[in-house]
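> Turn this into a model:
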Amino acid sequence: MKLYAAIDLHSNNSVLVILDEMDRTVLQRRLPNNLEQICQALCAHREAIEGIAVESTYNWYWLVDGLMEAGYRLHLVNTTAVQQYDGMKYREDTHDARWLAHLLRLGILPQGYIYPKAERCLRDLMRKRSQLVRARSQQIVSVENALSREVGTHPSSNRIKRWQESDVDDLPLAELSQLAVKSNLAVMHCADEQIERLEAAILAKAKLRPEYQYLLTVRGIGQVLSLTIALETGDVKRFPTVGDFSSYCRCVGSEHRSNGKKKGSGNVKNGNRYLAWAFVEAANFAVRYDPTVKRFYQRKCARTKPVVAIKAVAHKLARACYHVMREQVPFDVQRAFA
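Numbering: from 1, shown residues only. From the prediction side, this is the model:
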């Protein structure tokens, strides 16, 4: 008899449920987040288990990797796409795990991509870089706000990036206000140092990848955006069509239609936020520096708002990058923006 398992993963424990082909509960148990104990609970049913569904929570790496190495077939659940059940007066973790096992048995479980373990660290390092860039930007904004509030001036962010502690001493600020600005600069410079360190490590590992080199030929895409797109995409062949890829990049509108009428919007946050950011950034650069892309943008602006026009450019670039990575060919701006 075939069995179907699901694990509702939490920060310090997990709920394991196993169902048979008739949707009857074979096993239901709450376990600590210990791979050995979870494997022991599964062991008695190992040969009959068709697959194990695991929620794609923030801490799924250790469990999915460990069970895959133990020889189980894993299904990473796309939790945002799971249709929740209604009408129950009482619901708990065992119901959630049972529902995932039920969907797995029926073959309708929404699944996410299990990024290869060997490649995942490099992608996560790029995400750490993005986190540090945001932290640096927060410090710069804090300095800008302090000077606007205390002095009435608003120096550029590029100028603030070059400041040292001695430059703050020359500002007409109270002693404690100077201390606050100096602390901002100290954090900013520390972030700068770590960003450079991470970029060097990432580039050393990724620069020989063909998809990275071909992405550099795309208008508006430099080293940082090329690394982001290549690492967040992973294996581009996992997307059967260019439409699937552009949707994953959040470049496609989300709406529900029935009988030719709009019936509401879908979840606009479905997809990869890092890719969404990367293609909007690339679109802004491409419009600034490429005449063909600029003309396309201006035509769109004549009919709609600039922000919508930029999204249209981002969509075009996402579609172009799909073909560039999949076919491993240089970017052709005329083909992309004809």
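
> ok, the nearest residue to Asp65 once chain neighbours are set aside to Arg238 distance?
Leaving aside its sequence neighbours, Asp65 sits nearest to Lys117 (CB to CB, 6 or more residues apart in numbering; 5.4 Å). To be clear about C-beta, it is placed using only N, CA and C from the backbone, and glycine gets the same treatment. Between Lys117 and Arg238 the computed distance is 16 Å (CB to CB, to the nearest Å).

> and if you look at Asn158?
From Asn158 over to Arg238 (counting by CB to CB), the distance is 39 Å.

> the more surrounded of the two?
Legend: neighbour count by other CB atoms under 10 Å for Asn158 and Arg238, higher for Arg238 (12 against 8).

> what about the nearest residue to the more buried one once chain neighbours are set aside, is that helix, strand or coil?
In this structure, Arg238 finds its nearest non-sequential neighbour in Tyr113, 6.0 Å apart by CB to CB, 6+ apart. Reduced to three states with DSSP: H, G, I helix; E, B strand; the rest coil, the structure at Tyr113 is coil.

> Wait, Tyr113 touches Leu76, no?
Yes - here Tyr113 lies in contact with Leu76, judged by CB atoms under 8 Å, at a distance of 7.3 Å.

> Between the two, which is the more surrounded one?
In terms of neighbours (other CB under 10 Å), Leu76 is the more surrounded of Tyr113 and Leu76; the figures are 18 against 15.

> Are we agreed that the more buried one is in a strand?
Yes - under three-state DSSP, Leu76 falls within a strand.

> need the contact list for it.
With contact set as CB atoms under 8 Å, 6 or more residues apart in numbering, Leu76 has these partners: 54, 56, 60, 64, 111-114.

> what does the model give Arg24 for pLDDT?
Here, the pLDDT recorded for Arg24 equals 96.

> Could you count how many residues lie near it?
Residues near Arg24, counting by other CB under 10 Å, number 8.

> From the contact counts, what lies against the strand or helix carrying Ala53?
Secondary structure here is read from DSSP states H and E; on that basis Ala53 sits in strand 49-55. For strand 49-55, the elements it packs on are strand 3-9, helix 61-69, strand 74-77, helix 93-106, judged by 3 or more CB pairs under 8 Å, 6 or more residues apart in numbering; DSSP states H and E.

> Make sure Gln164 is actually in contact with Met188.
No - counting by CB under 8 Å, Gln164 does not reach Met188; the two are 10.8 Å apart.

> If you count surrounding residues, which of those two has more?
In terms of neighbours (other CB under 10 Å), Met188 is the more surrounded of Gln164 and Met188; the figures are 21 against 10.

> any idea what sits nearest that one, other than its immediate chain neighbours?
If you skip the residues right next to it in sequence, Met188 has Gln139 as its closest partner in space, 4.2 Å away by CB to CB, 6+ apart.

> Where does the prediction get shaky in the stretch 51-200 of the chain?
Low-confidence regions of the stretch 51-200 of the chain, defined here as pLDDT under 70, cover residues 85-91, 93.

> Which stretches in it count as helices?
Along the stretch 51-200 of the chain, the stretches classed as helices by DSSP state H, counting those that start in this stretch are 61-69, 93-106, 117-150, 157-161, 165-169, 175-206.

> Which one of these lies nearest to Leu27?
Closest of those to Leu27 is helix 93-106, at 10.1 Å (criterion: CB to CB).

> Mind putting the helices of the stretch 51-200 of the chain into TSV with distance to Tyr322?
As requested, the helices of the stretch 51-200 of the chain are exported to TSV (distance: least, CB to CB, whole Å):
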stretch	distance to Tyr322
helix 61-69	27
helix 93-106	29
helix 117-150	18
helix 157-161	33
helix 165-169	46
helix 175-206	19
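
> Highest mean neighbour count out of the ones you listed?
Burial of those is given as mean neighbour count (mean count of other CB atoms under 10 Å); helix 93-106 ranks first at a mean of 20.

> Please name the residues that touch Gly243.
Taking CB under 8 Å, 6+ apart as the definition of contact, the neighbours of Gly243 are Val252.
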